[in-house]
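> All I have is the shape, not the residue letters:
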């Protein structure tokens with residue numbers, strides 16, 4: 001697996017979720033206990049958090065930062081944040097280089 005797989009997964013998520021962006025984001029996200037807003041925020045959060053781990057390389061813990069999504073964020077903005085995440089992760093991996 002490499003950055004192209006991450007890019008393809010992000011593109012597919014946007015393809016599937018894009019037409020649903022006008023729906024109520026406070027409803028449950030399928031079988032999850034989370035609502036759609038929290039789920040989208042989680043998807044948007046993971047790539048930047050991963051990028052932080054890759055560039056800082058902490059030895060024993062995750063870095064203590066989090067992406068906060070305002071409750072009034074539009075569905076389109078959430079999708080954009082989720083779509084930008086793989087690019088952030090890819091850039092972090094390129095700049096961090098191998099751990100040595």
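The structure has been received and is ready for your questions. Owing to the predicted nature of the structure, the values given are computational and were not obtained by experimental measurement.

> low-scoring stretches of this protein, by residue?
Along the chain, the parts satisfying pLDDT under 70 run over 1-3, 85-86, 89-90, 93-94, 96-100.

> gap between stretch 38-48 and the chain center?
Relative to its chain's centre, stretch 38-48 lies at 4 Å (CA atoms, centre = their mean, to the nearest Å).

> Show me what that stretch is in contact with.
Applying CB atoms under 8 Å, 6 or more residues apart in numbering, the set of residues contacting stretch 38-48 from outside is 6, 13, 25, 29, 32, 34, 66-67, 69, 75, 78-79, 81-82, 84-86, 88-89. For glycine as for every other residue, the C-beta is placed from the backbone atoms N, C-alpha and C.

> From the chain's centroid, how far away is stretch 45-65?
Here the centre of stretch 45-65 is set off from its chain's centre by 13 Å, with CA atoms, centre = their mean.

> Any buried residues in it, and which?
When neighbours are counted by 16 or more other CB atoms under 10 Å, the buried residues of stretch 45-65 are found to be 45, 47, 48, 49, 50, 51, 52, 53, 54.

> Nearest the geometric middle of this protein, what residue?
For the chain, the residue nearest the mean C-alpha position is residue 44 (2.6 Å; CA atoms, centre = their mean).

> Chain neighbours aside, what residue packs nearest to that one?
The shortest distance from residue 44 to any residue other than its chain neighbours is 3.8 Å, reached at residue 81 (CB to CB, 6 or more residues apart in numbering).

> that's a helix at the one you found, yeah?
Yes: applying DSSP: H, G, I helix; E, B strand; the rest coil, one finds residue 81 inside a helix.
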